[in-house]
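K.L.:
here's my sequence, what's the structure:
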Amino acid sequence: MERVTVVQSTGHTYKFQAARWLSLEKDTLSVDLLPVEDFNLPKIKNYDVSVWTGDRLGAGTEATVTLLVVGEHGKQEIVLDTPRQGFVRNSKNLFGFDSLDLGALKSITIGHDNSGFSPAWFLEKVVIHDKTEGKNWFFFCGKWLWDKDATLSVSIDASEVDGGIVLPMVDYNVQVLTGDRRGAGTDANVFITIYGELGNSTEKILDSAADNFERAKTDNFVIRCPSLGELTKIRIGHDNTGFGPAWFLDKVIVNAVGGNQSWYFPCGGWIESQTDLVKEIPATSSDGTTYLPLVSYKVTVVTGDVRGAGTDANVSITVYGKNGDSGSRNLDSPGNNFESGKTDVFGFDAVDLGEITKIRIGHDNSGFGPGWFLSHVVVRNE
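P.N.:
Alright, predicted model coming up:
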């Protein structure tokens, strides 16, 4: 309704100015008006509204969308009639409304009522065109409007410049290398988050049809997410489930499908409950060895050929090298070891010790007549 004129029988005229909607949609079916000296109706303007739905899996919605437009001279709320096929992924829908002159637009609030099947909506942007002035205002969103995080509506400030802020979707190849250590594999559920200068992938479970994360094996996965730009770090871990869940991770290699750059995330350590179930690893631009290889060592022990030289005690040895030591290793094999004048041969795997510098060998003094006459020991790198 624009205005009302009441003329008395005496000829006196009363003027009432409205210039507003009376509608259930506006929650106003009646209005109180005071008489005015003269009509000074503000200018009615026509606005076009373009709504872009983003290019994401499941981006479209059939929910009812409402839009509140705020300008320097007032505001206008409208319901956007849902298109026959809804707001379809990677599409633009056009709407229009008439309003009093809102002046320069300041912001919008747009949202939906969460109705329909799969109502979550990925809104890319809204553009409002003042048909009278020929001016455009741009409102960039680039996010989901859904009940997952109680975000069914969003307020967006106006921009006078267009720009594509929605990042393209990118497939990232993720190679996960499990190390070559005894018990290195895991049956736990492994997860990863990839971080870059433009955001993160959110946490993803790494799973495929194969038996993943076996010792000395490489597993390949694809993670699809908005472009992360230059990668900076990963966060990787597991839920400590299954039998023997401790996992020895060698490294992770990530590259974008179709790109020519790879990022390396060296670990070379255990991910287990005794240390940390989650590791944060910074990105490097070059590959490399994350841990020393395992080497098999053969230990030959010769017991002296003298009376009472043998022992039934538990014998152990530690081998030292320039790269470290083997830790204490029990020397035990089938049969009766460490008999007088006999030679016993044992083997164990250890991280490469480099040039061997010394050994420490001894026993726990258990058993009958534990004293032991040791002739010599030979350690050989196999």
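K.L.:
following the helix or strand of the chain with the lowest mean pLDDT, which helix or strand shows up next?
P.N.:
Taking mean pLDDT, DSSP states H and E as the measure, the helix or strand of the chain with the lowest value is strand 35-36, at a mean of 71. The C-terminal neighbour of strand 35-36 among helices and strands, as given by DSSP states H and E, is strand 44-53.
K.L.:
is the nearest residue to residue 152 once chain neighbours are set aside bridged to anything, and to what?
P.N.:
Once flanking residues are discounted, residue 152 sits nearest to residue 111: 5.0 Å by CB to CB, 6 or more residues apart in numbering. Quick note: C-beta positions are derived from backbone N, CA and C, even for glycine. The partner list for residue 111 in beta bridges (DSSP bridges) reads residue 66, residue 153.
K.L.:
one more: residue 138?
P.N.:
Note on residue 138: beta-bridge partners by DSSP bridges are residue 127, residue 159.
K.L.:
how about residue 107?
P.N.:
residue 70, residue 157.
K.L.:
list the contacts for it?
P.N.:
In this structure, residue 107 makes contact with 70, 139, 155-158, judged by CB atoms under 8 Å, 6 or more residues apart in numbering.
K.L.:
for these, pick the one with the most neighbours.
P.N.:
The most crowded member of the contacts of residue 107, judged by other CB atoms under 10 Å, is residue 139 (24 neighbours).
K.L.:
contact partners for that one?
P.N.:
107-108, 110, 125-128, 156-159.
K.L.:
show me the shaky parts of this structure.
P.N.:
For the chain, applying pLDDT under 70 flags the ranges 19, 24-28, 34, 36-42, 164-165, 209.
K.L.:
measure the most centrally placed residue in the chain to residue 264 for me?
P.N.:
In the chain, the centroid-proximal residue (CA atoms, centre = their mean) is residue 202; its distance is 1.9 Å. From residue 202 across to residue 264, the span is 22 Å (CB to CB, to the nearest Å).
K.L.:
what's the answer for residue 363, then?
P.N.:
46 Å.
K.L.:
my guess is residue 374 contacts residue 306, does it?
P.N.:
No. Counting by CB atoms under 8 Å, residue 306 is not a contact partner of residue 374; they are 10.9 Å apart.
K.L.:
more crowded one of these two?
P.N.:
Remark: of residue 374 and residue 306, residue 374 carries more neighbours, 16 against 11, as counted by other CB under 10 Å.
K.L.:
mind listing what the more buried one touches?
P.N.:
Residue 374 is in contact with 301-304, 361, counting by CB under 8 Å, 6+ apart.
K.L.:
tell me the two of these that are most distant?
P.N.:
Maximum pairwise distance among the contacts of residue 374 (CB to CB): 13.6 Å, between 304 and 361.
K.L.:
how about the strands in the stretch 1-150 of the chain?
P.N.:
Remark: strands assigned in the stretch 1-150 of the chain by DSSP state E, counting those that start in this stretch are 3-7, 13-17, 35-36, 44-53, 65-71, 74-80, 91-100, 105-112, 121-130, 135-145.
K.L.:
mind putting those into CSV with distance to residue 289?
P.N.:
Output for the strands of the stretch 1-150 of the chain, formatted as CSV (distance: least, CB to CB, whole Å):
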stretch, distance to residue 289
strand 3-7, 84
strand 13-17, 83
strand 35-36, 86
strand 44-53, 48
strand 65-71, 56
strand 74-80, 59
strand 91-100, 50
strand 105-112, 53
strand 121-130, 43
strand 135-145, 41
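K.L.:
so what are the structural domains in this structure, by residue number?
P.N.:
Listed by automatic domain parsing, the domain ranges of the chain are 3-36, 44-157, 169-282, 294-381.
K.L.:
same list, these, but as a markdown table with distance to residue 288 please.
P.N.:
What follows is the domains of the chain, written out as a markdown table (distance: least, CB to CB, whole Å):
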| stretch | distance to residue 288 |
| --- | --- |
| domain 3-36 | 65 |
| domain 44-157 | 36 |
| domain 169-282 | 6 |
| domain 294-381 | 16 |
